[in-house]
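Q: quick check, what structure comes out for this input:
(one chain, ligands or ions: 1)
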Amino acid sequence: MLLGATTGGRFMTNTARPDFAALAKSLKFRTQAFINGEFVDAVGGEEFETINPATGEVITKIAECDARDVDIAVAAAKAAFEDGRWSKLAPKERKRALQRLAALVEQNSQELALIESLDNGKPVDDAIAADLPDAVETLKWHAEAIDKLYDQVSPTASDLVSLVVREPIGVVGAVIPWNFPLAILAMKVGPVLAGGNSVVIKPAEQTTLSALRFAELVAEAGIPAGVFNVVTGFGETAGQALGRHPDVDCLSFTGSTEVGRYFLKYSAESNLKRVILELGGKSPAIVMDDVDDLQPIVEQLAIGILFSQGENCSAGSRLLVHEKIKDRLLEALLEHFKTWNVGDPLVEGTRIGAVIEEKHMNRILGYIESGLKEGGRLVCGGKRVREETGGFYIEPTIFDGVNNAMTIAREEIFGPVLSVITFKTVEEAIQIANDTPYGLAASLYTNNLHVAHKVSRAIRAGTVSVNCFSEGDQSVPFGGFKQSGFGGREKSFHAHDQYTEVKTIWMQLK
Ligand code: NAD
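A: As a prediction, this is how the structure comes out:
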């Protein structure tokens, strides 16, 4: 039975904000893997617990898949791909099915946002304002693109025809992180399905529930069985099995740089499947001394490091500020940080929810310890709060007096912790910004057009935002330089390219 039906349509969008705490009590979850159009237990019958980070309580138990389940899911995806039930469908038919899926996700946005919040700890209003619209927009954009992408005819002699065509790559494995579970899932599924491929998703073990509700909507949208599958479980078992599977043609991973490396190894040791990696970051936010109004800048800086509890791959976690304006900017930033309250993710007005799990909270606290030990000056936050709730909450935290060699300036903390570093010249700002193994994103605040051009071209990162903190929308590619990415780009037509193979057809005419 579909969850939307069991909850009596109470999650419709365009209505007043519901009482999410009350609705959470009536939610029912899908907990089995979704393979070949059916919800099924793991072959081994094992289950694992998924925890609500806001309370530390178990939400439910989920099927723990391993290599045996991955084999079944990949076989289903391969059979679907080979018999053409999706891959050979007319582009406009695939478009209609993906548009129906986008519409269903939109209709069920409040419910999906609530699931996301319960499983991840993020404020439900953030999920409604950001994660869900993003997922819907992604699906719509790639659906629309399906029948607007043309292949090529190359210039040849008149007794030849030479076509350069794009064909689906086949079975795509997608391994997803926990920070934007549904938005990132949509970022893979949109272009993968648009390209005519089949997919096997492995969600993060911490945040599986929204992928399973999404699977119900995939079936409701009329996307044929076997085209979209979800194997639930852990990275070392289910994730690795997908990465090593000989019948997976492409593996698209978003997650940490550390785990991303494994997928290159899995590919090299199996079938040389194409690997696409979207990885971590340590992005700089650079503020020049020519800026005038500091208020809009501090607002953007705060979004850069505090949105999503700082659990954002492109978080602006290193604030590089010109020494002449550092004191003024820091004072304004400290004042503004007070408006970012930490609270219950289901309560209206909460801006910072819980971090994903206890282990991760302790990791963030460990980084704060290291910042203190290495000589950083803690000017706000630094502690766990709301411990009495059983949840995993951390205050917005700022370290002043950081230098770029300190651990907190080099490693991805993935929490609400900002490091303030000063510079004297534009050249020094560029040098510090690029002194990192990562290259995902950067933002720059300046009123000087020449500086804006010079710095945005000099920074080695996939996205540079000037006078804002932004990753752009579906129309532009997203991905990382250096150890922030490998093999492709999400979003835009670049995403389509990475899930297709290029074929040349060379025909001699009589
Ligand atoms: P993670 O690397 O720990 O896990 C990501 C996924 O990999 C999960 O599904 C996990 O089960 C799986 N996995 C873990 N170990 C594995 C193994 N040995 N073999 C196969 N699969 C394995 O990442 P996370 O903690 O879920 O997410 C946080 C990280 O993701 C951060 O580094 C963040 O920067 C990055 N991220 C990057 C982007 C981007 O677009 N560049 C977006 C979001 C998150």
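Q: ok, residue 287 - contacts?
A: Neighbouring residues of residue 287 by C-beta atoms under 8 Å, 6 or more residues apart in numbering: 297, 301, 319, 320, 321, 322, 325, 329, 445. No exception for glycine: its C-beta is placed from N, CA and C like everyone else's.
Q: just the residues you listed now: which is nearest residue 140?
A: residue 301 (31.1 Å; C-beta to C-beta).
Q: now do the SS call for the closest one.
A: helix (DSSP: H, G, I helix; E, B strand; the rest coil).
Q: ok, now residue 92?
A: At residue 92, secondary structure determined by three-state DSSP is helix.
Q: pLDDT score for the nearest residue to it once chain neighbours are set aside?
A: Using C-beta to C-beta, 6 or more residues apart in numbering and skipping residues adjacent in sequence, the residue nearest residue 92 is residue 147, 4.9 Å away. For residue 147, the pLDDT comes out at 96.
Q: then the one 3 residues further on?
A: With respect to pLDDT, residue 150 has a value of 96.
Q: pretty sure it is in a helix, no?
A: No - judged by three-state DSSP, residue 150 forms no part of a helix; its state is coil.
Q: got the phi/psi numbers for it?
A: Torsion angles at residue 150 (phi, psi; degrees, to the nearest 10) stand at phi -100, psi 150.
Q: quickly note the distance from it to residue 91.
A: Residue 150 sits 11 Å away from residue 91, going by C-beta to C-beta, to the nearest Å.
Q: try residue 495
A: From residue 495 to residue 91 the distance is 16 Å (C-beta to C-beta).
Q: so for these two, which residue has more residues nearby?
A: It is residue 495, of residue 495 and residue 91, that has more neighbours when counted by other C-beta atoms under 10 Å, with 28 against 14.
Q: correct me if wrong: the more buried one contacts residue 477.
A: Yes - under the contact definition of C-beta atoms under 8 Å, residue 495 touches residue 477, with a separation of 7.4 Å.
Q: still on that earlier bit, among the contacts of residue 287, name the ones in strands.
A: 319, 320, 321, 322, 445 (DSSP state E).
Q: which residues touch the fourth one?
A: In this case it means residue 322. With contact set as C-beta under 8 Å, 6+ apart, residue 322 has these partners: 287, 288, 289, 422, 423, 424, 429.
Q: let's see it at 10 Å
A: Contacts for residue 322 (C-beta atoms under 10 Å, 6 or more residues apart in numbering) come out as 286-291, 329, 422-426, 428-429, 446.
Q: farthest-apart pair in the ones in strands among the contacts of residue 287, please.
A: Farthest apart among the ones in strands among the contacts of residue 287 - using C-beta to C-beta - are 319 and 322, which lie 11.0 Å from each other.
Q: now for the two: what residues contact both?
A: 286, 287, 329, 422.
Q: what helix or strand is the first one on?
A: Under the criterion DSSP states H and E, the helix or strand holding residue 286 is strand 284-287.
Q: for residue 432, which non-adjacent residue is spatially closest?
A: residue 404 is the one closest to residue 432 (C-beta to C-beta, 6+ apart), at 5.1 Å.
Q: any idea how far the one you found is from residue 192?
A: Counting by C-beta to C-beta, the gap from residue 404 to residue 192 is 38 Å.
Q: ok, now residue 51?
A: With distances taken as C-beta to C-beta, residue 51 is found 29 Å from residue 192.
Q: more neighbours, the two?
A: Ranked by neighbour count (other C-beta under 10 Å), residue 51 and residue 192 place residue 192 first, with 29 against 21.
Q: does that one touch residue 139 like I think?
A: No - using C-beta atoms under 10 Å as the test, residue 192 is too far from residue 139 to be in contact (11.2 Å).
Q: list the contacts of the closest residue in space to residue 483 that isn't next to it in sequence.
A: Using C-beta to C-beta, 6+ apart and skipping residues adjacent in sequence, the residue nearest residue 483 is residue 437, 4.6 Å away. By C-beta under 10 Å, 6+ apart, the residues touching residue 437 are 257, 280, 281, 282, 410, 411, 412, 482, 483, 484.
Q: most neighbours of all the contacts of residue 322, which one?
A: Ranked by neighbour count (other C-beta under 10 Å), the contacts of residue 322 have residue 286 at the top, with 28 neighbours.
Q: that one and residue 459 touch, don't they?
A: Yes - with contacts counted by C-beta under 10 Å, residue 286 reaches residue 459, the gap being 8.4 Å.
Q: quick one: common contacting residues for the two?
A: 429, 430, 433, 442, 443, 444.
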